[in-house]
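Enquirer: Pasting a predicted model and its sequence here:
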Amino acid sequence: MSKVFAITNQKGGVGKTTTTVNLAASLAATRRRVLLIDLDPQGNATMGSGIDKYALDYSIYDVLVGDATASDVRMLGTSGGYDLLPANADLTAAEVTLISLASREYRLKNALATIVEDYDYVFIDCPPSLNMLTVNALTAADAVLIPVQCEYYALEGLASLIQTIEDVKRLLNPRLAIEGLLRTMYDPRNSLTNAVSAQLRKYFGSRVYRVSIPRNIRLAEAPSHGLPALAYDRNSKGSLAYLALAGEILRQAKAEPEQQQPEQAGQ
Ligand code: ATP
Ligand code: MG
């Protein structure tokens, strides 16, 4: 059975794309079948997977708004060992076009239905906003992973994100769950990091992943080579942290009983 994660936080630059690309590569390295969906018009996850966003014939835009199927558009076997549904600036138009389409919140979920069983894990890289693209990601997902940068304004905005997730759960996708909050760019020598980390634990308890991702230059360098950090520098602290996160997610999945999927309305 496949599990679909939305990686989301409307705050910009908190490590959503870095997490999506490196977690996808880490799980692919453990021989899981992985699909990455780039749902951000910035196309950073596409470039970071070694695919030129300026040279795409088709993208996730054509799947959401046009006639293309997910299986037409997916690119098999990228540099990180996972498959990719790529994105570029075309997707900006989808934010608006989607509003007037039938089953607008379910476009991604419905498009995925034909290929989701080809994968053990699907990771959706969301844009830094709570727009219709993000709603599509949350409607298609089983689980939400929220990267949080442990800095002063980290908690600002989390309340509206949690509210959006609760709304989607109530109205569109009852099985959606916040699986985990991931501390990114973590620096234990910084007292602010520790204070934010303690606050996250207070509010979210065991839903804060044990693994945190350190600030590591290799994670920042790897995308300019079109590679996940694992392929760029396997032994870097950043690569090892994402491998450890993949291990934590796999252990969590083992501990969970197989859940009965409730039937969805409005599909
Ligand atoms: P956006 O909201 O624009 O989509 P994002 O949440 O996807 O941003 P990233 O693009 O993953 O964030 O990260 C923002 C910047 O920080 C990038 O330049 C990235 O290379 C860098 N970065 C992310 N995580 C780390 C880390 N652990 N150590 C060092 N640099 C990092
Ligand atoms: Mg991003």
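Expert: Received it, and whenever you're ready, just let me know what you need. Residues are numbered from 1 along each chain as shown. Ligands and ions are numbered 1, 2, ... in the order given.

Enquirer: So what's the model's average confidence on stretch 195-204?
Expert: For stretch 195-204, mean pLDDT is 92.

Enquirer: Quick check: buried residues in it?
Expert: Buried residues in stretch 195-204, counting neighbours by 16 or more other Cβ atoms under 10 Å, are found at 196-197, 200, 204. The way it works is simple: take the backbone N, C-alpha and C, and place the C-beta from them, glycine included.

Enquirer: swap in stretch 204-220?
Expert: If you call a residue buried by 16+ other Cβ under 10 Å, then stretch 204-220 has these buried ones: 204, 208-209, 211-216, 218-219.

Enquirer: tell me, which of those make contact with ligand 1?
Expert: 213, 215-216, 219 (Cβ under 6 Å from any ligand atom).

Enquirer: Stretch 210-227: end-to-end distance?
Expert: From its first residue to its last, stretch 210-227 covers 26 Å (Cα to Cα, to the nearest Å).

Enquirer: which residues touch that stretch?
Expert: With contact meaning Cβ atoms under 8 Å, 6 or more residues apart in numbering, stretch 210-227 is reached by 15, 17-19, 21-22, 44, 47-51, 79-80, 150, 182-187, 197, 228-229, 231-233, 236-239, 241-242, 244-245, 247-248.

Enquirer: where does this protein come near ligand 1, residue by residue?
Expert: Going by Cβ under 6 Å from any ligand atom, the residues of the chain near ligand 1 are 12-18, 40, 42, 44, 128, 184-185, 213, 215-216, 219-220, 238.

Enquirer: and these, which are buried?
Expert: In terms of neighbour count (16+ other Cβ under 10 Å), the buried residues within the residues of the chain next to ligand 1 are 14-18, 40, 42, 44, 128, 184-185, 213, 215-216, 219, 238.

Enquirer: Asp38 bridge partners, please.
Expert: Assessed by DSSP bridges, Asp38 has beta-bridge partners Asp125.

Enquirer: Would you agree it is in contact with Pro86?
Expert: Yes. At 5.5 Å, Asp38 counts as touching Pro86 under the criterion of Cβ atoms under 8 Å.
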